[in-house]
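Student: got a predicted structure plus its sequence, pasted below:
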Amino acid sequence: MPAVLLALVMGVVALIWQLVSKVVNILIQPLINELNAKDPEVPLSPADAADMVERNIIDQQYGRDTAAKSGLDNAAFDLLVLDTGEPPGLEQMLTLWNRKLLDDETLERMIAYSRVRTEWTGYVKDLAHETMSSADAIEAALKGVLPESDAKDLYVMAGGLDDQWDTLLATAGNPIGVEQALTLWNHGLITHDQVEKVILHSRINPAFESMAELLHFKYIPAFQISAMLKEGTVTAQQATEWLLAQGYPADQVAGFVAAGTSTKVATAKALSEAQITEAYDAGFLSVAQADAELQALGYQASETAFILDLYDYKRKLSMAQAAIGQIRKTFLAGRITPEQAGVDLDGLGVDPIAKAAYLQIWEVEAKVELKSLTASEIGNSYKAGGYSDAQALAAVEALGYTALDAQLFLVYYGMAPPEGYGSSK
């Protein structure tokens, strides 16, 4: 029989056998299920029994009996129980080992219970330790903490590619701030090329480098523009242009400039008012003249009357206070009696209650105010024989002089100089 025909026959036979097997299974399986339900004697597998013992679902003896039904003796089942279960994950085990919560023997037992072959235990232990990252190695070289060769070795150990080392080292680290660099450039402390390098090493895209360089221009803030406007060092038009260039809305700029201009005018107006009132207070302007000058500044007639009345009152008050001071001085000197002092106060229009208070206070002052001789008066009295040496020295010391200074002072009035002082003639 040709080989092709034989292969064809064998294929047909196999196909028929598969179909017959499926039909038989379909017909017989319900019978088998019915028999199993009537007599359920299929035991747990030894592996499931060992797992249930490990999980405390069944006890060891029950597990042995169950395993025996599958042909496994007690010793073999006990070994199967010991082999059942998994340890914690490798990372957790190594973490506990690093924290000294596991000894080497326990760690190795736990590795043996994992899916890792025990011949790789040493490598697993190495996983507990982390090496410096490639970025850290580059930074260590950049800062000079490590020699470049040592840092490069650590970089490669961390997984860095050897041919990328030079590029990464050249681009590592941050420059100073771009604005700080522009400030140094403005002061002539660095060159334009150095500024460009700072920008290139920053996070700014080189396409915007020219824009970044424009930041070296500085602009006067609004409060300084306001001060200059008030001082008159800039015009309103210039102030308006500057503020608009800084992005302030036009309506705000108009109000800002108007306020600065009006403040300047108000200041000048206030100065003129002060000059007019001072001249009036000094008597160089009459009421009518002062009133006319103030109205020329823009004050209303009612306002000028109030201002001039205020200065009249201040003038009278100042003069009254000076006169009362003079009466007090004369009274304390004993040149007038309390009665005369009262008459003089009445003449000034002092209120009777205030007058009584003045006189009461002055009388107390006259009683307690003590006069003392000055140093020169003591010296003259000593020279005239009014003080002995000891009395004169004591009186001068009472004024605050030291004993030596008191004696040296009285030499001028005839006292012998202290020992060791003076010169022979």
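Tutor: Received the coordinates, thanks.

Student: CA only for contacts and neighbour counts going forward, please
Tutor: Will do.

Student: all helices of the stretch 301-425 of the chain, in order?
Tutor: Counting by DSSP state H, counting those that start in this stretch, the stretch 301-425 of the chain has these helices, from start to end: 301-332, 338-347, 352-368, 375-383, 389-398, 403-411.

Student: can you tell which of those helices is closest to G85?
Tutor: The closest of those to G85 is helix 301-332. By CA to CA, the value is 103.8 Å.

Student: what's the spacing between the spatially most central residue of the chain and V198?
Tutor: Central residue of the chain (CA atoms, centre = their mean): G177, 19.2 Å from the mean position. Distance of G177 to V198, computed by CA to CA, to the nearest Å: 8 Å.

Student: kindly report the same for Y219.
Tutor: Counting by CA to CA, the gap from Y219 to V198 is 23 Å.

Student: still on that earlier bit, export the helices of the stretch 301-425 of the chain to a markdown table and tack on mean neighbour count, distance to T240 and mean pLDDT?
Tutor: Shown next, in a markdown table, are the helices of the stretch 301-425 of the chain (neighbours: other CA atoms under 10 Å; distance: least, CA to CA, whole Å; pLDDT from 0 to 100):
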| stretch | mean neighbour count | distance to T240 | mean pLDDT |
| --- | --- | --- | --- |
| helix 301-332 | 15 | 35 | 81 |
| helix 338-347 | 15 | 62 | 86 |
| helix 352-368 | 13 | 60 | 83 |
| helix 375-383 | 18 | 70 | 88 |
| helix 389-398 | 17 | 72 | 88 |
| helix 403-411 | 18 | 71 | 87 |
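
Student: in TSV: those, plus distance to D103.
Tutor: Below are these laid out as TSV (distance: least, CA to CA, whole Å):
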stretch	distance to D103
helix 301-332	98
helix 338-347	107
helix 352-368	97
helix 375-383	97
helix 389-398	91
helix 403-411	89
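
Student: Y123 is nearest to which of the ones you listed?
Tutor: helix 403-411 (95.6 Å).

Student: tell me the angle the closest one makes with helix 375-383.
Tutor: 70 degrees (axes from the mean of the first three to the mean of the last three CA atoms, to 10 degrees).

Student: for helix 403-411, list the C-alpha coordinates in CSV.
Tutor: This file holds the C-alpha atoms of helix 403-411, laid out as CSV (Å, rounded to 0.1, in the frame of the first residue of the first chain):
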residue,chain,number,x,y,z
ALA,A,403,38.6,116.8,96.8
LEU,A,404,41.6,117.3,94.6
ASP,A,405,39.7,119.4,92.0
ALA,A,406,38.2,121.5,94.8
GLN,A,407,41.6,122.4,96.2
LEU,A,408,43.1,123.1,92.8
PHE,A,409,40.1,125.3,92.1
LEU,A,410,40.6,127.3,95.3
VAL,A,411,44.3,127.9,94.5
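
Student: quick one: it to chain centroid distance?
Tutor: Put simply, helix 403-411 sits 63 Å off its chain's centre (CA atoms, centre = their mean, to the nearest Å).

Student: give me the contact list for that helix.
Tutor: When contacts are defined by CA atoms under 8 Å, 6 or more residues apart in numbering, helix 403-411 is touched by residues 379, 392-393, 396-397, 415, 417-418.

Student: what's the answer for stretch 204-222, then?
Tutor: With contact meaning CA under 8 Å, 6+ apart, stretch 204-222 is reached by 178-179, 182-183, 185-186, 196, 199-200, 243.

Student: same thing but at 7 Å, please
Tutor: For stretch 204-222, the external contacting residues (CA atoms under 7 Å, 6 or more residues apart in numbering) are 179, 182-183, 186, 199-200.
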